[in-house]
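Undergrad: Just to be clear, the model below is a prediction. Sequence and coordinates:
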Amino acid sequence: MNVLKRLMYEKCPKCNKKLETSKSHIINAVVIKSCPENHFQREYHPALETYIESDKVG
Ligand SMILES: [Zn+2]
């Protein structure tokens with residue numbers, strides 16, 4: 001799965017719900033998308049061009 005496809009496919013791998021976006025780190029422009037059931041979280045760091053994925057939130 002390439003990066004563009006991953007960007008398009010923003011669903012929780014566990015429950016398949018659409019990830020919700022929140023921008024809680026405005027200064028760093030970090031975009032956080034997370035499952036509404038807290039199964040999965042993905043952070044995108046534009047400065048690093050990197051994703052950080054987590055199985056659970058908190
Ligand atoms: Zn989920």
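TA: Looks like it came in fine. Residues are numbered from 1 along each chain as shown.
Undergrad: Next, the contact list for the closest residue to C12 other than its chain neighbours, please.
TA: Excluding its sequence neighbours, the residue lying closest to C12 (Cβ to Cβ, 6 or more residues apart in numbering) is C35, at 3.8 Å. (Glycine included, C-beta is placed from N, CA and C.) Going by Cβ atoms under 8 Å, 6 or more residues apart in numbering, C35 touches C12, K14, C15, K17, L19, E20, Q41, V57.
Undergrad: Could you dump those residues into a markdown table and include neighbour count, secondary structure and distance to L48?
TA: Listed next are the contacts of C35 as a markdown table, based on neighbours: other Cβ atoms under 10 Å; DSSP: H, G, I helix; E, B strand; the rest coil; distance: Cβ to Cβ, whole Å:
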| residue | neighbour count | secondary structure | distance to L48 |
| --- | --- | --- | --- |
| C12 | 20 | coil | 23 |
| K14 | 12 | coil | 26 |
| C15 | 11 | coil | 28 |
| K17 | 13 | coil | 27 |
| L19 | 18 | coil | 20 |
| E20 | 12 | strand | 22 |
| Q41 | 19 | strand | 17 |
| V57 | 12 | coil | 20 |
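Undergrad: Out of those, which is nearest to V30?
TA: Q41 (11.6 Å; Cβ to Cβ).
Undergrad: hang on, the closest one packs against E53?
TA: Yes. Q41 is within contact range of E53, at 7.2 Å (criterion: Cβ atoms under 8 Å).
Undergrad: Of the contacts of C35, which pair is most distant in space?
TA: Between all members of these, the farthest pair (by Cβ to Cβ) comes out as K14 and E20, at 14.6 Å.
Undergrad: coming back round to it: which among the contacts of C35 are in contact with the ion?
TA: C12, K14, C15 (Cβ under 5 Å from the ion).
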